[in-house]
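Generate a structure from the sequence data that follows.
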Amino acid sequence: MKLTNTLILCPLVLSLHFSTYGHDFKAKPPAAMPSHTKKSIDFVENKGQWNKQARFKADVPGGAMFLTDKGFVYNYASAKDLERIHEMSCGAGKGEKDTKDEIVHHHAYKVNFVGASDKVSYTTEEKRSYYHNYFLGNDATQWAGHVGLYGKITQKNIYDGVDVVVYSKSAQALKYDFVVAPGGNPANIALAFEGVSPRISKDGSLLIKTSVNEVTEKAPYTYQVIDGRTVPVASKYKLDKGILSFDLPNGYNKAYPLIIDPDLVFATYSGSTGNQSFYSFSTTYDAAGCLYAGTQAYGVGWPVSPGAYQVTFGGSQDAGVNKYSSDGTTLIYSTLYGGSDVDLPHAMIVNKDNELIMVGTTTSTNLPVPTTAYDPTHNGGRDIFVAHFNATGSALIGATYIGTSQGDANTFTATGLTTGVTGQNNSSPTEVNFDENGNIWVVSSTPANNFPVTPNAMQATSGGSTDGVLFQLNPTCTNLMYSTYLGGSGNDVIFGVQFNSQGNVVVCGATQSANFPTTSGVLNSAAPGGSIDGFVTMVNATTGAMMRSTYLGTNNTDQAVNLQVDCADNIYVLGRTQGNYPVSPGVYSMANSDLFIDKLSPDLSTSLLSTRVGYAQGGNPQFFPTAFVLDICGNVYVAGLTSSGGSVVPGMPLTPDAFSTIPDNFYFLALESGFTSLLFATYFGLQNWDDHTHVGIHRLDPSGIVYHSICCNGSGWPTAPSNVYCPNKLNSSGQDIVSFKFNFDAVNIDLTEESTQGGLDTNAHCVRGCKSAFVDFIRSGDLSEDLTIKYLISGTAVNGTDYSFIPDSITIPANQTTKILEIKPLLVQYPSGTKEVIIQALSPCGCEDGSNNIVREARILIYDSLFVAINTPLDTICPNTQITITAEIDTTLDFRWLPAALSQGSLTITPTPTHTTVYSIIGTQPGAPATCPPRKIDYEIFVEPVPVINLQPREVIMCASDSADLNAYAGPSGTNYIYNWSPPDYLKNDYEPNNKFAGPVGDYKKIITVTTPVAHCTSKDSMEIHVYPPFSFRYVTADTTILYGDSVQLDCESDAIMWLWSPATYLNDPLLKNPVARPLETITYNLIGYDENGCHDTASVRINVEYASKTAMPNAFSPNGDGLNDEFKIGNVLFEKLVEFKVWNRLGHLVYDGRDPLKGWDGTVNGQPAAMDTYFYHIQVVMPNGKPRVFKGDVILMR
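Numbering: from 1, shown residues only. Below is the predicted model:
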């Protein structure tokens, strides 16, 4: 089998930054995201992940810059410190040293806008397609997802009429402009420096010296754009008592905007964010072929205060992830995850829902862990963490700590399980996988005897020293579903975890225990006798019990570092050996090499095949495997690096089609199924540079594609394609992370789709009408025998219903390379949308279970039976509007338009409809069978009527003190017309058809415009409004008083032509100007008068009615017959009826009760004279106006 290779590479430059302010926890800011492919600098918005003063942040060479409302904040880290720490941790042949407590010097300073406005606003431009996610610390309010990045920020009105525009012209040069609008004053611009003392050089540049670097701002370039020309304006810096301003000695044209353009250049050290520290740890992939690169990130962030300060290196190392597209041309997102200390991403995997799971180690006590987590608190020392992100990396699905206070997740070096490898190249302390239910399985190690275990653990207690641990979490990391120790009395570490077809868990690792737990009937139930041995253990995932367990190895040093399980449940183990590991007869092997591959039976009882590859035992350096996979054809792939950075592994076997034949420190190979031959082998990397990786897991997928990242010190990596996301190393010193995807292309079959007639769709292979599509099955390699290829058929189209039935396999005859499969549509009616046929070819060498053996895929789209479409820019018009309707149709079809009166023969028609009309085009395929019916497309053009307006009234005459109703009606009915009155003065509003007008004296014309809602068919009408001044009465009869029975004449003087008095009671004529009133009681008359314009005025007159005199009842009488005062009676009151007249003596006896209004009491009682005394009376009468009146009191009878 011949293999071809393709390569996708992406060096990633991380601008890493540090902050001692901006988090509640101590000394730990967010680390920087990667500095992306860079034609310009990114400005990252602050969504709560940084100090609230920071509005935007930019990673600049050597540090970070923040935009605030009051100016800029710069923070730089010492390049010398970071290079020293890098050398300590990654130096060639020196091993990895603990750099946690190493000091990193920083210097921060502020540039304050003196006297700036308190109301600064921001506008953004050039938004990036990628985004950042921040999960830093355990305060969820400071987590941020989908954080936007921009290429240009404008701070509006920092001074009146002055903006600041911040941008860059390259990835290395930050720029900012002061834009002074006409009316603005450049003299207001004043910059105060805090934390540094700048000076102006001889060439006019501004020099800023910090404790860790020097910064140069070139002399300002100032200009105006006048009539399209750039006109330079003389300018220079002016520094007075630490305040920087701009001097314009010759002035400028104040009618045009002025741009003051300083150029910020970082010149004294590397000028690169790459001087900061970042390291490759792990890589994985998803189903779409996207690559995820896991890194350790150290960064510069918001400073504690201006000036020099120092922090420890260990206090700012976060786990970072970059996700790249499958072709490496696009960064999809960057995510940071960490706390206040060291957080390392050792292993990553993407589950079936495209969600990333990261497992690593942490010494942070405030990791972003939900309170609902299985273990939300740090246990002390180094803990294991598990973080599960959503598909966009922007939110946590779950996360948890797990561990003890004694430092878990040990590496080779920490346990003593080492044979000359350095700290940067030993095996990962953690590995992760997921089961069919999405539960998360993790393997690691612990020296503690109190690691959490579950009741069904296969080993509930530590065997002694360091033991391996295996645990299972639910997807949200809230429940520890299973956990167990695995080990004996010596040191034991688990490195790999996989599942067989029954869902059982298979793990592998290394042990120094002579009593490592094994089972009977396996390959090696007793230790082989080496100082270190490998092991493989199978665990029942349901019960948690140990099913099978065996040692692997020789009487020397051996370690099982990775494993794979094929579809027949055979177990392939990759290990390191310093012994004489067995090699099966007839297999390809590399003599005396330090890696073994062993194929074990499903029950671990037998070694079916074994071989050795790698570099010579005892050689210096050693070759260390970083990734291992078994493809669906049984081919085995191994990728790895030298055990020491800066060294190569010379003399490794290569194939003729090797990507590179020059010895380097990266090497990978592929062995054919059965280990019979070397399929492919190549060197890879950048010669003479210290390329390496750190303790973590990298991946190969089952189709033989390598997903890997390394740390690289040099430039010139062989990147591809030409438009890869980041093709060049941007920093002049320090490290880049290089992430690459290498395709072995081992599958010897391919599929090619083709269609004879795809209509106008050029984006997919498709069929329309009765045309067929074809899938070409193409093979390469050995052609001597027939090759039968099975395939899966799926999609929304139904085999045998939507297209002619096809079988599930095809045979390519001997000596032929191609066989064609026809997809012939059988559409008898129009489908409800596009249907799809998916053909997935299965590997001829794979297992019978097809779902795991898909190697190639073809997709065919089945469209409507014939391709006919209509396009027109409008669907609603006004009557008699000409429209253009254009149809698209397969050129092989015949067509005709309906209505038949339309012009035929052209795909474009131009009708002028007067009412709503349906136009149709019918396409037919010449000679088509009955199963391919014509295709008719209808297009209904809606015609809205021109409004007919009815105004009521059409003319309005009114007075200034009144209001008038204006009513407009539009027809025909059934349309939601839009009304507009103009001008809108003195109207209630301008949009209601029934409106109200109230205005001052004058003549007005109001225009009503009525429009249809869609086509805007419009009619207009108008009405006249005349507003007259009001009139007033010059004279009206004053209020007056009359005697009962008298009359009075009412009168007024005015310009009225009509009068109305009310009420009409007691008036001779209420419509007279001067009627006569004879009221019998007090009354008020209201008068309203109208002039010739209908204007009116009102008045009122009150008439008080009094009686002739006031009543004066006598208080004594003398009935002595002298004719004077002989009777007691009412003599001076006019009344119409006597109701009661009664007199009582002082004893209460009634002495008189009369009803005759002409008589009174004569002083007798029963005909006898009454005694002289005082008597009491009660008299009631009815007055002429009908109202009652009562008189009562006492009277003296005298004799």
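
Against Val1195, how distant is the most centrally placed residue in the chain?
For the chain, His146 is the residue whose C-alpha lies nearest the centre (Cα atoms, centre = their mean; 5.6 Å). Here the distance between His146 and Val1195 works out to 108 Å (Cβ to Cβ, to the nearest Å). C-betas here are computed from N, CA, C, even on glycine.

what's the answer for Val948, then?
Look at Val948 and Val1195: by Cβ to Cβ, they are 89 Å apart.

neighbour count winner among the two?
Val1195 (17 against 12; other Cβ atoms under 10 Å).

Have a look at this protein and report its longest strand.
As assigned by DSSP state E, the longest strand anywhere in the chain is strand 214-226.

Can you say which helix or strand has the residue nearest to the centre of the chain in it?
Assigned by DSSP states H and E, His146 belongs to strand 144-147.

try Val443
strand 440-446.

which secondary structure elements does that strand contact?
Counting by 3 or more Cβ pairs under 8 Å, 6 or more residues apart in numbering; DSSP states H and E, the packing neighbours recorded for strand 440-446 are strand 383-389, strand 431-434, strand 467-473, strand 492-499, strand 505-511.

Need those in a markdown table (columns: distance to Thr975).
Output for the helices and strands packed on strand 440-446, formatted as a markdown table (distance: least, Cβ to Cβ, whole Å):
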| stretch | distance to Thr975 |
| --- | --- |
| strand 383-389 | 54 |
| strand 431-434 | 61 |
| strand 467-473 | 63 |
| strand 492-499 | 67 |
| strand 505-511 | 71 |
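
so can I have CSV of these showing mean neighbour count?
Output for the helices and strands packed on strand 440-446, formatted as CSV (neighbours: other Cβ atoms under 10 Å):
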stretch, mean neighbour count
strand 383-389, 27
strand 431-434, 23
strand 467-473, 26
strand 492-499, 24
strand 505-511, 27
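
Any idea which of those strands gets closest to Gly161?
For the helices and strands packed on strand 440-446, distance to Gly161 was read as Cβ to Cβ. The smallest value, 46.4 Å, belongs to strand 383-389.

Using the three-state scheme, assign Tyr919.
Secondary structure, DSSP: H, G, I helix; E, B strand; the rest coil: Tyr919 is strand.

Name whatever forms a beta bridge with it.
On the basis of DSSP bridges, Tyr919 is bridged to Tyr939.

residues contacting it?
Counting by Cβ atoms under 8 Å, 6 or more residues apart in numbering, Tyr919 touches 870, 885, 897-899, 902, 909, 911, 938-941.

Please flag which of those sit within strands.
870, 885, 897-898, 909, 938-941.

Least confident of these?
By pLDDT, Ile870 ranks lowest within those, coming in at 82.

Count the neighbours of that residue for me.
17.

mind starting the numbering at 2 from now?
Renumbered: residue one is now 2, and that last one reads Ile871.

Ala458 contacts Gly545, correct?
Yes. Here Ala458 reaches Gly545: they are 6.2 Å apart, a contact under Cβ atoms under 8 Å.

Return every residue with contacts to both of these two.
With Cβ under 8 Å, 6+ apart as the test, Ala458 and Gly545 both reach 483, 485.

ok, back up a step: from the contacts of Tyr920, list just the buried residues.
The neighbour count (16 or more other Cβ atoms under 10 Å) marks 871, 886, 898, 903, 910, 912, 940, 942 as buried among the contacts of Tyr920.

Can you name the residues that contact the fifth one?
Right, Ile910. 885-886, 898, 903-904, 920.

what would the helices and strands packed on strand 441-447 look like in TSV with distance to Arg1190 and mean pLDDT?
Formatted as TSV, those follow (distance: least, Cβ to Cβ, whole Å; pLDDT from 0 to 100):
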stretch	distance to Arg1190	mean pLDDT
strand 384-390	102	95
strand 432-435	110	94
strand 468-474	106	96
strand 493-500	117	94
strand 506-512	118	96
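
residue ranges with poor pLDDT in the stretch 102-251 of the chain?
171-173 (pLDDT under 70).

which other helices and strands contact the longest strand of the chain?
Partner elements for strand 215-227 (3+ Cβ pairs under 8 Å, 6+ apart): strand 207-210, strand 230-234, strand 237-241, strand 259-266.

Quick check, Leu397 in contact with Phe390.
Yes. With contact defined as Cβ under 8 Å, Leu397 and Phe390 form a contacting pair (6.3 Å).

what's the neighbour count on the residue nearest to Leu207 when sequence neighbours are not counted?
Computed as Cβ to Cβ, 6 or more residues apart in numbering, the closest residue to Leu207 that is not its neighbour in sequence is Glu218, at 4.1 Å. Residues near Glu218, counting by other Cβ under 10 Å, number 20.

just checking, Glu218 touches Gly205?
No. The pair Glu218 / Gly205 is not scored as a contact, 10.1 Å apart, by Cβ under 8 Å.

hey, what's in contact with both of the two?
Common contacts of Glu218 and Gly205 (Cβ under 8 Å, 6+ apart): none found.

Tell me how confident the model is about stretch 780-790, as a mean pLDDT.
81.

Do you have the helices of the stretch 2-151 of the chain handy? List them.
Listed in chain order, the helices of the stretch 2-151 of the chain (DSSP state H, counting those that start in this stretch) span 80-91.

As a check, name the ranges of all strands in it.
Assigned by DSSP state E, counting those that start in this stretch, the strands in the stretch 2-151 of the chain fall at 7-15, 35-36, 44-46, 57-61, 64-69, 72-78, 104-114, 122-128, 132-137, 145-148, 150-160.

Other residues contacting the third one?
When contacts are taken as Cβ under 8 Å, 6+ apart, the neighbours of strand 44-46 outside the stretch itself are 34, 56-59, 68, 125, 133, 148-154, 167.

just so I have it, where are all the strands in the stretch 252-401 of the chain?
Assigned by DSSP E, counting those that start in this stretch, the strands in the stretch 252-401 of the chain fall at 259-266, 279-286, 292-299, 308-313, 318-325, 332-339, 344-351, 357-363, 384-390, 397-403.

Given the second one, what are its sheet partners and their directions?
Translated: strand 279-286. In the sheet, strand 279-286 lines up with strand 292-299 (antiparallel) (DSSP bridges).

Only C-alpha atoms, please: export the partner strand in PDB.
Taking Å, rounded to 0.1, in the frame of the first residue of the first chain, the C-alpha atoms of strand 292-299 are listed here in PDB:
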ATOM      1  CA  LEU A 292      -7.800  20.800  15.900                       C
ATOM      2  CA  TYR A 293      -7.700  21.800  19.600                       C
ATOM      3  CA  ALA A 294      -4.400  22.900  20.900                       C
ATOM      4  CA  GLY A 295      -3.900  22.900  24.700                       C
ATOM      5  CA  THR A 296      -1.300  25.200  26.200                       C
ATOM      6  CA  GLN A 297       0.100  26.600  29.400                       C
ATOM      7  CA  ALA A 298      -0.200  30.400  29.300                       C
ATOM      8  CA  TYR A 299       1.600  33.000  31.400                       C
END
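
Check whether Lys836 really touches Asp803, as I assumed.
Yes. Contact criterion Cβ under 8 Å: Lys836 and Asp803 qualify, at 5.6 Å.

Show me whatever sits in contact with both of those two.
With Cβ under 8 Å, 6+ apart, Lys836 and Asp803 have common neighbours Ile863.

Include distance to Ile1009 when you put the strands of the stretch 2-151 of the chain into a markdown table, please.
Converted to a markdown table, those look like this (distance: least, Cβ to Cβ, whole Å):
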| stretch | distance to Ile1009 |
| --- | --- |
| strand 7-15 | 66 |
| strand 35-36 | 63 |
| strand 44-46 | 50 |
| strand 57-61 | 52 |
| strand 64-69 | 54 |
| strand 72-78 | 57 |
| strand 104-114 | 55 |
| strand 122-128 | 42 |
| strand 132-137 | 52 |
| strand 145-148 | 50 |
| strand 150-160 | 43 |
